[in-house]
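Colleague: I need the structure of the sequence given here:
(chains A, B and C)
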Amino acid sequence: MIPLQIVTLALVALGALAVVTTHDPLRQTLVTGLYGLALAVLFVVLQAPDVALSEIVVSSVATPFILLTALAKMQGRRRK
Amino acid sequence: MSRRGRLILFGTSAGVFGAILVWGLTGLPAFGGFNGEYGQIVNGVAGRERHVTNVVAAIVFDYRGFDTLGEEFILFGAVMGVALLLREARDDRERPRDEVRSDAVRAVGLAMVGPTVVFGLFIVAHGYLTPGGGFQGGIALASALVLLYASGRYRAFRAASPQELVDFTEGIGAGGYAVVGIASLLAGSLYLQNFVGLGTKDTLAAGGTIALLNAATALAVAAGMTLLCHEFLEEVMYPE
Amino acid sequence: MTFLPYALAAWIFIVGLYGVVTSRHFVHLVICLGIAQSSTYVLLLAIGYRTGKKAPIFTSGVPARVGAVDPVVQALTLTDIVVGVTVAALLLALAIDIWKRAGTVDPDQIRKDRR
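Modeller: Numbering: from 1, shown residues only, chains lettered A, B, ... in the order given. Below you'll find the predicted structure:
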């Protein structure tokens, strides 16, 4: 295996661990965006440009948007 | 069960499961040595049979088109679920009048809305010639509308995507996919089989029903994503 | 060394499951579920990879003799990614609904309130 593949695999492994161990949801949104980018690079290295395009579009636009709006809604405790 | 008990249970079961999973994965062919014949055969014949150059799009919309019908209805069902959970009758006249105040954000953001729409249409239209397709381009089109909200006004975003039009387009996209299959039945061949002429290779007029299914998918994905954005933004904009 | 991509898929799956089990916020839970889902993408693409071959796009000017990686697994993965984000949106809508009814976003708190 060429070194590019090994480095990309290592980055994805570290990214997954970073996403799970970030407990604040707002910070986790940012780390998820970076993890999606690392995944897209891995998909390009594995010769899958269609899948990489799909992952870039989804993890840069769709996922942060729905996460941020859901978080904006759920701030604090609701007065029942 | 206490939190600590749950962690111990997870630790042991994840350890056992991980060991079995890794042992099972060692039975796979070595990385880079996959010799699956279906993929190799499709790579060889897709250009000649369907006159398209993106073999992945040919598989998604033609060779395994029935699976994509199922995926599209998962998408449709999930969007309907969000609409069921979050949609309420809210007064149109009470829409909040928020506005992005930074001139730099407004200038650059709004200037990029047009090119994003064009780029999204380009990805959709050339989906079966170069990497792209209905799924990717649909979300790119929806992101142009989100850009309109994020660098402009909420009212502009709602005005650019009226609720009835978005609902209608979502239905047209999902139903259009099934209707193309039914039209293929009426033309005398199997469900979702290609019945339109195939056209010249490597141009936009190639592929037959692949182009139609690609467009239907793009409509469904773009409208579905816009509907999701509507529902989530309404939750934030109208605090109870 | 050639086992590394498969080990990565197993690692991401276990890490995502750990996040789901030890989660204290619903949004954190949904994100970790997405991480566990992404392990299947890595596994599928790693299975279909063939050393030295190129992407399965044969636009004019690219010689067809080079060969390509398996296109079927890519077709499965690419629809899966878009559907995955839509299902995540459905889960977030459920989380918002729970927040409206129970007033909290902690999964453990909800179980305690029921008693």
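Colleague: just want the most central residue of chain A.
Modeller: Centroid-nearest residue in chain A: residue A:32, 2.8 Å away (criterion: C-alpha atoms, centre = their mean).
Colleague: name the helix or strand for that one, please.
Modeller: helix A:25-45 (DSSP states H and E).
Colleague: do the same with residue B:174
Modeller: Assigned by DSSP H and E, residue B:174 belongs to helix B:163-186.
Colleague: report the contact partners of residue C:75.
Modeller: The contact partners of residue C:75, taken as C-beta atoms under 8 Å, 6 or more residues apart in numbering or on different chains, are B:56, B:59-60, B:64. For glycine as for every other residue, the C-beta is placed from the backbone atoms N, C-alpha and C.
Colleague: got any ranges where chain B has weak pLDDT?
Modeller: B:240 (pLDDT under 70).
Colleague: also chain C?
Modeller: Using pLDDT under 70, chain C drops low at C:61-64, C:111-115.
Colleague: so where do the helices sit in chain B?
Modeller: Assigned by DSSP state H, chain B shows helices spanning B:3-25, B:37-50, B:55-58, B:65-86, B:103-125, B:134-150, B:154-160, B:163-186, B:209-237.
Colleague: same question, chain C
Modeller: Applying DSSP H to chain C gives helices spanning C:4-21, C:26-48, C:71-102, C:107-114.
Colleague: which among those helices is found nearest to residue B:27?
Modeller: Evaluated over the helices of chain C, closeness to residue B:27 peaks at helix C:4-21, with 10.0 Å, by C-beta to C-beta.
Colleague: hmm, the closest one touching chain A?
Modeller: Yes. Shown here: helix C:4-21 in contact with chain A (C-beta under 8 Å from any C-beta of the partner chain) through C:4-5, C:8, C:11-12, C:15-16, C:18-19.
Colleague: in these, find the pair that's most separated.
Modeller: C:4 and C:19 (22.2 Å).
Colleague: got the residues of chain A near chain C?
Modeller: Residues of chain A lying near chain C (C-beta under 8 Å from any C-beta): A:1, A:5-6, A:9, A:12-13, A:16-17, A:19-20, A:23, A:25, A:28-29, A:32, A:35, A:39, A:42-43, A:46-51, A:54-55, A:58, A:62-63, A:66-67, A:70-71, A:73-74, A:77-78, A:80.
Colleague: among the residues you listed, which are located in helices?
Modeller: Going by DSSP H, the helices hold A:5-6, A:9, A:12-13, A:16-17, A:19-20, A:25, A:28-29, A:32, A:35, A:39, A:42-43, A:49-51, A:54-55, A:63, A:66-67, A:70-71, A:73 from those.
Colleague: now stretch B:165-176 - C-alpha only, CSV.
Modeller: Output of stretch B:165-176 as CSV, limited to C-alpha atoms (Å, rounded to 0.1, in the frame of the first residue of the first chain):
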residue,chain,number,x,y,z
LEU,B,165,-44.2,24.4,-5.0
VAL,B,166,-41.7,22.5,-2.8
ASP,B,167,-44.3,19.9,-1.8
PHE,B,168,-45.4,19.5,-5.4
THR,B,169,-41.8,19.1,-6.7
GLU,B,170,-41.0,16.5,-4.1
GLY,B,171,-44.0,14.5,-5.1
ILE,B,172,-43.2,14.9,-8.8
GLY,B,173,-39.7,13.7,-8.3
ALA,B,174,-40.5,10.6,-6.3
GLY,B,175,-43.6,9.7,-8.3
GLY,B,176,-41.8,10.5,-11.6
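Colleague: hang on, the earlier thing: residue C:4 and residue C:19: who's more crowded?
Modeller: The neighbour count for residue C:4 versus residue C:19, taken as other C-beta atoms under 10 Å in any protein chain shown, is higher for residue C:19 (25 against 16).
Colleague: neighbours around residue C:15, how many?
Modeller: So residue C:15, with other C-beta under 10 Å, has 21 neighbours.
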